[in-house]
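>>> my questions are about this predicted structure, shown below with the sequence.
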Amino acid sequence: MDTHLHHDHIESHLQSSDLITDVVIGMSDGLTVPFALAAGLSGAVDSTSLIVIAGLAEIAAGSIAMGLGGYLAGKTEIDHYNSELKREYDEVEKVPEREKAEVKEFFANLGFSEALQHEAVKEMTKDKDKWVDFMMKYELGLDKPDPTRARKSAFNIGISYIIGGIVPLTPYFFVDDTLQALKYSTLITLLCLFIFGYFKSKVTGVNPWWGALRVTLIGAAAAACAFGVARLIESA
């Protein structure tokens with residue numbers, strides 16, 4: 001009889017999901033917004049240098065704005081957790097019997113016998129900190145957030161936005177004709193959007209080909225709309 005433990009089974013889970021989320025947020029906007037801006041300006045001006053300057057200014061402003069949004073979201077998550085943590089400590093202190101009943105109900109839902117429920121509640125509520133952690137996780141569904149999450153999110157989103165934003169501007173650094181630069185920018189950006197959409201969809205569990213096509217179409221529509229509006233304004 002084989003009594004050896006089997007270690008060849010490896011569970012595959014997403015690692016650093018917060019990082020992936022940040023990169024997706026920053027990169028998707030970084031690829032789309034500067035691309036639409038460059039396309040719009042290409043329909044109105046003949047200077048690639050002007051488009052580059054405007055594009056870089058937008059990337060700087062956009063990365064700061066997006067990074068700040070990520071920081072505030074991370075800070076809000078931490079503040080919410082701390083607020084609920086304080087409330088849970090107060091409830092454990094002031095209404096312990098009600099909190100014990102909630103713990104007992106949790107174990108009852110797991111199918112524990114009455115005797116095991118009482119024993120589990122007794123063990124769980126011995127240590128107030130562990131008791132509160134248990135209530136935070138299983139009653140409220142809140143995991144303790146990384147205290148550095150807000151700063152990391154701001155950095156990850158901001159950098160991802162910059163990297164994505166440089167892509168559609170790259171042809172304008174090397175081509176003097178705005179419309180020709182726009183053609184190259186469109187090819188490069190739509191290809192990057194397709195690849196980005198494919199891997200983003202694989203990570204999130206969506207059909208990757210449909211996800212890639214959707215992201216590409218959104219970027220193309222935004223750029224086409226900006227170019228068309230600029231042409232209309234110029235000809236008015």
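That came through, no problem. Numbering: from 1, shown residues only.
>>> show me how far the lengthiest helix in the chain is from its chain's centre.
In the chain, taking DSSP state H as the definition, the longest helix is helix 48-94. Here the centre of helix 48-94 is set off from its chain's centre by 11 Å, with C-alpha atoms, centre = their mean, to the nearest Å.
>>> tell me what it is packed against?
helix 17-42, helix 96-109, helix 128-138, helix 149-174, helix 178-204 (3 or more C-beta pairs under 8 Å, 6 or more residues apart in numbering; DSSP states H and E). The way it works is simple: take the backbone N, C-alpha and C, and place the C-beta from them, glycine included.
>>> the longest one vs helix 17-42, what angle?
Read it as helix 178-204. Inter-element angle recorded for helix 178-204 and helix 17-42: 160 degrees (by axes from the mean of the first three to the mean of the last three C-alpha atoms, to 10 degrees).
>>> over to the third one?
Between helix 128-138 and helix 17-42, the angle comes out at 50 degrees (the same axes, to 10 degrees).
>>> which positions within helix 128-138 qualify as buried?
Trp131, Val132, Asp133, Phe134, Met135, Met136 (16 or more other C-beta atoms under 10 Å).
>>> of the residues you listed, which pair is most distant in space?
With C-beta to C-beta as the measure, no two of the buried residues of helix 128-138 lie farther apart than Trp131 and Met136, at 9.8 Å.
>>> so what's Gly197 scoring on pLDDT?
The model reports Gly197 with a pLDDT of 85.
>>> how about it: what's its closest non-neighbour residue?
Val215 (2.9 Å; C-beta to C-beta, 6 or more residues apart in numbering).
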